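1. sequence-free structure coming up:
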């Protein structure tokens, strides 16, 4: 009798174990009632397309208005986007029951977030801020002190958050708390740090922000449209609605658009001039050799078919072909990463703030990857090497006090007078 009971208990335990294993397995996706996974087979595709189109028009219109308003407004837009992304991602792994036993724990996540924001933007915007207050002696000295001790301030803010975290640890909650701690830092590294490169691109010239961002939008739109009507071959299992037809068609369209858009955007000084301060005034500058047109005479057989005898090409157009290639082939992997991430947590979207698109994070996955590449490419292959007068002035204004600057001016004047006297 005892043997039979043991056998029954053993089989029940084995059944429970097998049941748990089955529950953790990924169930193959079957075709829904409204059609298969591909957009071309989806019976509700026109309804979702109109919702998506309506949201896209509003987003592009608002984006164009903010770009017209200038560098500071674009930066503010990026900060707002980062806040929404952080909110969506913080909420992803939160559990209401555990949070109810940890008062103030959510506030700790935001403490780390704003400390990271102060560190990154302090590094990026310190020089423009100094250039803005140069005319006011008191403000200049105050800002210079903040810039000098900026790293120390951020470090002690982080250490304060670290101590706060340790002091709030509770028994039986360790796993959840350390999981949230690791999750917060992953958000800061993978999401916030990458998207902050966008601001660096803005102050190098709106062109270096607007063009890469536009290429991602163009690639996304044409991948959707071409896949919508012609997509038949699945591209990747992580994102079942993506097709090879959409991927290839969008790649060709994006590269062509990059070449054409660069010629249009590169002719406006408002977009090409770098911003050296935090003012909102209109910009005028020497566009530099990259944005000065070069003229090429067309062969005779082409002139027989077209009315143009020559065409003008900006040298920067050859650079943006690399940006277009990256936006077409590499940047979509940011979207694939996000798709895999959502599948791991069994969610459809990161949020629902944009009808037809999901959350802010769903729209920014590829943009983050593109922003980092655009910044690295600009600094590596576009910015001229060597020391310029502007670089030296920036160092003087940032690291020397007002009295030291006056002393430097007097000594430089004496040296120049001696050289003029000897000549």
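-> Yep, that arrived. Values in this document were obtained by computation on a predicted structure and should not be read as measured data.

2. how distant is the strand or helix carrying residue 260 from the center of its chain?
-> Under the criterion of DSSP states H and E, residue 260 resides in helix 244-265. Centroid separation for helix 244-265 versus its chain: 20 Å, with C-alpha atoms, centre = their mean, to the nearest Å.

3. Show me which parts of it are buried, residue by residue.
-> By neighbour count on 16 or more other C-beta atoms under 10 Å, the buried set for helix 244-265 is 245-247, 249-251, 253-255, 257-258, 261-263, 265. Using the backbone N, CA and C atoms, a C-beta is placed for each residue, glycine as well.

4. Which members of the residues you listed are the farthest-apart pair?
-> Of all pairs drawn from those, the one with the largest separation by C-beta to C-beta is 245 and 265; the distance is 29.1 Å.

5. what about the strands in the protein?
-> In the chain, strands defined by DSSP state E lie at 234-236, 239-243, 294-297, 310-313, listed in chain order.

6. ranking those strands by mean pLDDT, which is last?
-> Averaging pLDDT over each of these singles out strand 239-243 as the lowest, with a mean of 85.

7. what comes up buried for that strand?
-> Neighbour-count burial for strand 239-243, counted by 16+ other C-beta under 10 Å, picks out 239, 241, 242, 243.

8. ok, now stretch 173-193?
-> Buried positions in stretch 173-193, judged by neighbour count with 16+ other C-beta under 10 Å: 176, 177, 180, 181, 183, 184, 187, 188, 191, 192.

9. dump the residue contacts of the second one.
-> Residue 177 makes contact with 102, 105, 165, 168, 169, 170, according to C-beta atoms under 8 Å, 6 or more residues apart in numbering.

10. make it 7 Å
-> Shown here is residue 177, whose contacts under the criterion C-beta atoms under 7 Å, 6 or more residues apart in numbering are residue 169.

11. And it, what's its pLDDT?
-> For residue 177, the predicted pLDDT is 94.

12. before we move on, what about the last one?
-> Note on residue 192: pLDDT of 80.

13. my read: it touches residue 82, true?
-> Yes. Judged on C-beta atoms under 7 Å, residue 192 makes contact with residue 82 at a distance of 6.0 Å.

14. measure residue 242 to residue 252 for me?
-> Relative to residue 252, residue 242 is positioned 16 Å away (criterion: C-beta to C-beta, to the nearest Å).

15. what do you get for residue 393?
-> Taking C-beta to C-beta as the measure, residue 393 and residue 252 are separated by 45 Å.

16. what's the answer for residue 206, then?
-> Relative to residue 252, and taking C-beta to C-beta, residue 206 is found at 26 Å.

17. Please enumerate the helices of the stretch 51-200 of the chain.
-> 71-92, 96-100, 105-132, 137-148, 150-167, 174-186, 193-203 (DSSP state H, counting those that start in this stretch).

18. To residue 216, which of these lies closest?
-> When the helices of the stretch 51-200 of the chain are ranked by proximity to residue 216, the top entry is helix 193-203, at 11.4 Å, counting by C-beta to C-beta.

19. Please name every helix or strand in contact with that closest one.
-> The contact analysis (3 or more C-beta pairs under 7 Å, 6 or more residues apart in numbering; DSSP states H and E) places helix 193-203 against helix 71-92, helix 105-132, helix 206-230, helix 360-377.

20. how about residue 347, phi and psi?
-> phi -130, psi 150 (degrees, to the nearest 10).

21. In terms of pLDDT, where does it sit?
-> Per-residue confidence at residue 347 stands at 87 (pLDDT).
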